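Q: Sharing a sequence plus its predicted fold:
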Amino acid sequence: RQLMALLVSIIICATAVIVEATLPGRKEPEPYHTSALSGEAWVIELLLGHPNRICCELGMHAHVFAALVSELRSMGQKDSKFVSLEEQLAIFLY
């Protein structure tokens, strides 16, 4: 009786794996964060790249980001020793 229950369990598991692997419309996950850049180079890539990408990553258009950086500079914010103000803002918004 236990052998029969084990055999039924194995058949059910194997069937589930096969069905899941062959479902139509299922595709492999597509990598999202693929940039080899980091830091300020990544921020520059965002600013100069596709307009939708900066919106997706930082939640605002490039001209709004630039205006915010300008406003922060006018209020006295500066680059730190190793991190630009643009990169600091991008880190905050990300």
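A: Yep, it's here. All values derive from a computational prediction rather than experimental measurement.
Q: And the helices in the protein?
A: Assigned by DSSP state H, the chain shows helices spanning 2-21, 39-48, 51-58, 62-74, 85-93.
Q: can you pull the buried residues of the last one?
A: By that I understand helix 85-93. Neighbour-count burial for helix 85-93 flags Leu85, Glu86, Glu87, Gln88, Leu89, Ala90 (criterion: 16 or more other Cβ atoms under 10 Å). Using the backbone N, CA and C atoms, a C-beta is placed for each residue, glycine as well.
Q: Who are the packing partners of that helix?
A: helix 39-48, helix 51-58, helix 62-74 (3 or more Cβ pairs under 8 Å, 6 or more residues apart in numbering; DSSP states H and E).
Q: for the second one, packing partners?
A: Looking back up the chat, that one is helix 51-58. By 3+ Cβ pairs under 8 Å, 6+ apart, helix 51-58 packs against helix 39-48, helix 62-74, helix 85-93.
Q: any idea of the angle that helix forms with helix 39-48?
A: 130 degrees (axes from the mean of the first three to the mean of the last three Cα atoms, to 10 degrees).
Q: what's helix 51-58 in contact with?
A: The contact list for helix 51-58, computed with Cβ atoms under 8 Å, 6 or more residues apart in numbering, reads Leu46, Leu47, Met60, His61, Ala62, Phe65, Ala90, Leu93, Tyr94.
Q: how much does it deviate in direction from helix 85-93?
A: Using the same axes, to 10 degrees: helix 51-58 against helix 85-93 is 60 degrees.
Q: roughly how far is helix 51-58 from the heart of the chain?
A: Chain-centre distance of helix 51-58: 11 Å, with Cα atoms, centre = their mean, to the nearest Å.
Q: do the same with the last one
A: Here helix 62-74 is found 23 Å from its chain centre; the criterion is Cα atoms, centre = their mean.
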